[in-house]
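A.B. asks: Predicted model follows, preceded by the sequence.
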There are 2 protein chains.
Amino acid sequence: MQTLHVIQEFGKMLRNLDAWLDKAGAHAKAKPFDANVLVGARLAPDMYSLDKQVQAACDAAKFAAAYLSGKEAPRHPDTEKTIDELRARLATCLGYLETLKEADFAGADERRVSPPWLHGKWLRGEDYLAQIAVPNFFFHVTTAYAILRHSGVDLGKADYIGALPLRD
Amino acid sequence: MQTLHVIQEFGKMLRNLDAWLDKAGAHAKAKPFDANVLVGARLAPDMYSLDKQVQAACDAAKFAAAYLSGKEAPRHPDTEKTIDELRARLATCLGYLETLKEADFAGADERRVSPPWLHGKWLRGEDYLAQIAVPNFFFHVTTAYAILRHSGVDLGKADYIGALPLRD
């Protein structure tokens, strides 16, 4: 898989997540309850709530794109308190992902990736993508989905996967 | 990312999942309760229970490996009823994944992939991997993790990610 195509899949999943938040808003309106109650929903007391899951999914995609293209990641502070603010955060992250092109990822597999939390240790770019960025990104996206499903929002697997480039 | 390395990451995550099930068994013994109660645990009434999440994670990995190497997937019927049987299913799937080598995935990106549920339509191998196999695999692995966390099993992000090939 080309690195750009993995980053594009992250973007697609963030757009899917935006659509789940839209459905969550419609669900809250229909019941009715305050949709922003969902922002603090979580699956276990010591797991991230929905807001942190969305922020972490954005950051996993943003840092993968930045580290693997050798650029500095833009700062997106975690200030969101409402569903609408979380959707704006997704749009901000998507706007950044879309600035990166195939040429930006030349040599990404062999690039040294050394996030601050590794305290000077590093991984090959390909190992970082396969063993940190991808599992971490899908962890937060899937957990956001699971929080919404657990809260009664009417989502299904097609909402999760999104549109597919099928051929006849 | 090389296709083989994605399949190897699937294998790593299935070994991580096996360790979570081991911890779930220890948690049940300590409380105590029958660990096999967890096999039917789920996050929403219309989501898969733990057994189906484990089976679906195995199948996502198995079919990705088979489709992208042009081989017929082995049949692994969904008969597991206990934690120990689910761990045996993981071992069976891992045994299959380990039979595949880098050369088996030559040309995988451009291979036509046409699972039966696409009714004759197909995708490029790379699109199948990025947009179906990877999101679907991590969906089921993460949901299995979330079911165990929601049920009180003491797991954390290091259990999810597993060991990393860090360099000094």
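C.D. replies: Okay, I see it.

A.B. asks: Check chain A for the residue nearest chain B and tell me.
C.D. replies: In chain A, the residue that lies nearest chain B is A:F138 (3.4 Å; Cβ to the nearest Cβ). No exception for glycine: its C-beta is placed from N, CA and C like everyone else's.

A.B. asks: would that residue count as being in a helix?
C.D. replies: Yes. Looking at A:F138 with DSSP: H, G, I helix; E, B strand; the rest coil, it is inside a helix.

A.B. asks: if I look at it, how far off is B:D34?
C.D. replies: 31 Å (Cβ to Cβ, to the nearest Å).

A.B. asks: Which one of the two is surrounded by more residues?
C.D. replies: Under the neighbour definition other Cβ atoms under 10 Å in any protein chain shown, A:F138 and B:D34 were set side by side, and A:F138 has more, 23 against 12.

A.B. asks: Give me the most central residue, chain A.
C.D. replies: Most central in chain A under Cα atoms, centre = their mean is A:A57, positioned 2.8 Å from the mean C-alpha point.

A.B. asks: tell me which element that residue is part of?
C.D. replies: Using DSSP states H and E, A:A57 falls within helix A:50-69.

A.B. asks: what about stretch A:133-143, distance to the chain center?
C.D. replies: The chain centroid and the centroid of stretch A:133-143 are separated by 7 Å, computed with Cα atoms, centre = their mean, to the nearest Å.

A.B. asks: what sits up against it?
C.D. replies: A:6, A:10, A:13-14, A:16-17, A:43, A:47-48, A:53-54, A:56-57, A:60-61, A:63-64, A:68, A:160, B:9, B:13, B:134-135, B:138-139, B:142-143, B:145-146, B:157, B:160-161 (Cβ atoms under 8 Å, 6 or more residues apart in numbering or on different chains).

A.B. asks: What subset of the residues you listed is buried?
C.D. replies: A:6, A:10, A:13-14, A:16-17, A:43, A:47-48, A:53-54, A:56-57, A:60-61, A:63-64, A:68, A:160, B:9, B:13, B:134-135, B:138-139, B:142-143, B:145-146, B:160-161 (16 or more other Cβ atoms under 10 Å in any protein chain shown).

A.B. asks: Kindly tell me how buried A:D159 is, as a neighbour count.
C.D. replies: Going by other Cβ under 10 Å, the residues that sit close to A:D159 add up to 17.

A.B. asks: Next, A:L123: secondary structure please.
C.D. replies: A:L123 is classified as strand under three-state DSSP.

A.B. asks: Same check on A:E80?
C.D. replies: A:E80 ends up coil, using three-state DSSP.

A.B. asks: Which elements pack onto the top helix by length along chain A?
C.D. replies: The residue-count maximum for a helix in chain A (DSSP state H) belongs to helix A:3-30. Helices and strands touching helix A:3-30, by 3 or more Cβ pairs under 8 Å, 6 or more residues apart in numbering or on different chains; DSSP states H and E, are helix A:50-69, helix A:83-97, helix A:134-150, helix A:157-161, helix B:134-150.

A.B. asks: Name the residues of stretch A:31-38 that come out as buried.
C.D. replies: A:35-36, A:38.

A.B. asks: So the nearest residue to A:G40 once chain neighbours are set aside versus A:N36, what's the distance?
C.D. replies: Distances taken as Cβ to Cβ, 6 or more residues apart in numbering or on different chains place A:S49 nearest to A:G40, at 4.8 Å, with adjacent residues excluded. From A:S49 across to A:N36, the span is 12 Å (Cβ to Cβ).

A.B. asks: Just give me the neighbour total for A:P45.
C.D. replies: Residues near A:P45, counting by other Cβ under 10 Å: 7.

A.B. asks: Next: A:A144.
C.D. replies: There are 25 residues near A:A144, going by other Cβ under 10 Å.

A.B. asks: give the contact list for it.
C.D. replies: Counting by Cβ under 8 Å, 6+ apart, A:A144 has contacts A:17, A:20, A:50, A:53-54, A:57.

A.B. asks: Low-confidence bits of chain A, can you list those?
C.D. replies: In the predicted model of chain A, no residue satisfies pLDDT under 70.

A.B. asks: Let's see the distance spanning stretch A:31-47 from one end to the other.
C.D. replies: 26 Å (Cα to Cα, to the nearest Å).

A.B. asks: What lies in contact with that stretch?
C.D. replies: If you take Cβ under 8 Å, 6+ apart as the criterion, stretch A:31-47 is touched by A:24-25, A:27-29, A:48-51, A:80-83, A:86, A:143, A:146-148, A:150-151, A:153, B:43, B:146, B:149-150, B:152.
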